[in-house]
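A.B. asks: Output the structure for:
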Amino acid sequence: MQPTSSLLGRAMRYRRLRLTTKDVNKGFYKGTGTGTIGRHTKHGGFIIEWEKVRSYVCPSLENFKLTPFVTKNVKKTFGEYEDRIGPKNPQLYLNRWKSENGLD
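C.D. replies: Below you'll find the predicted structure:
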């Protein structure tokens, strides 16, 4: 037999909330809900069990009515750098900053 919910008041409402590590005693491990994809060996290695790995299959997108978030009119910038460093070149960064923001 249980008392009515009006007599319980806050305690009943509190029970409906999710548990956190501060609500329970030592030893409660909440985790992240991601699961595992393998197991650890006794020598410190890790073995991937491929039947546990998640794989996502994309359906055919031909005649698909929805559009992507990024427009298809964006030009590709891959390989447009003069030197081997590419976008990490500090001089290239400064030149671009000055062209977009003006001089100091």
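A.B. asks: hey, which helix is longest across this protein?
C.D. replies: helix 90-101 (DSSP state H).
A.B. asks: Mind checking the pLDDT average for that one?
C.D. replies: Regarding helix 90-101, the rounded mean pLDDT is 83.
A.B. asks: got it, and stretch 69-86?
C.D. replies: In this model, stretch 69-86 has an average pLDDT of 69.
A.B. asks: so which helix or strand takes in the most centrally placed residue in the chain?
C.D. replies: Centroid-nearest residue in the chain: Thr34, 11.4 Å away (criterion: Cα atoms, centre = their mean). According to DSSP states H and E, Thr34 maps onto no helix or strand at all.
A.B. asks: And for the one 5 residues further on?
C.D. replies: With elements delineated by DSSP H and E, Arg39 resides in strand 38-40, which encompasses its position.
A.B. asks: how far out from the middle of the chain is the helix or strand following that strand?
C.D. replies: Following strand 38-40 in sequence order, the next helix or strand is strand 46-48 (DSSP H and E). Put simply, strand 46-48 sits 22 Å off its chain's centre (Cα atoms, centre = their mean, to the nearest Å).
A.B. asks: pLDDT wise, what is His43 at?
C.D. replies: As summarised for this prediction, His43 has a pLDDT of 95.
A.B. asks: got the end-to-end distance for stretch 17-36?
C.D. replies: By Cα to Cα, to the nearest Å, the extent of stretch 17-36 from end to end equals 26 Å.
A.B. asks: err, stretch 41-50, not the other one
C.D. replies: End-to-end distance of stretch 41-50 (Cα to Cα): 16 Å.
A.B. asks: What is the distance between it and the centre of its chain?
C.D. replies: The chain centroid and the centroid of stretch 41-50 are separated by 24 Å under Cα atoms, centre = their mean.
A.B. asks: Run through who's touching stretch 29-47.
C.D. replies: For stretch 29-47, the external contacting residues (Cβ atoms under 8 Å, 6 or more residues apart in numbering) are Leu19, Thr20, Thr21, Ile48, Glu49, Lys52, Val53, Arg54. C-beta: built from backbone N, CA, C; applies to glycine.
A.B. asks: same thing but 6 Å
C.D. replies: With Cβ atoms under 6 Å, 6 or more residues apart in numbering as the test, stretch 29-47 has contacts from Ile48, Glu49, Lys52, Val53.
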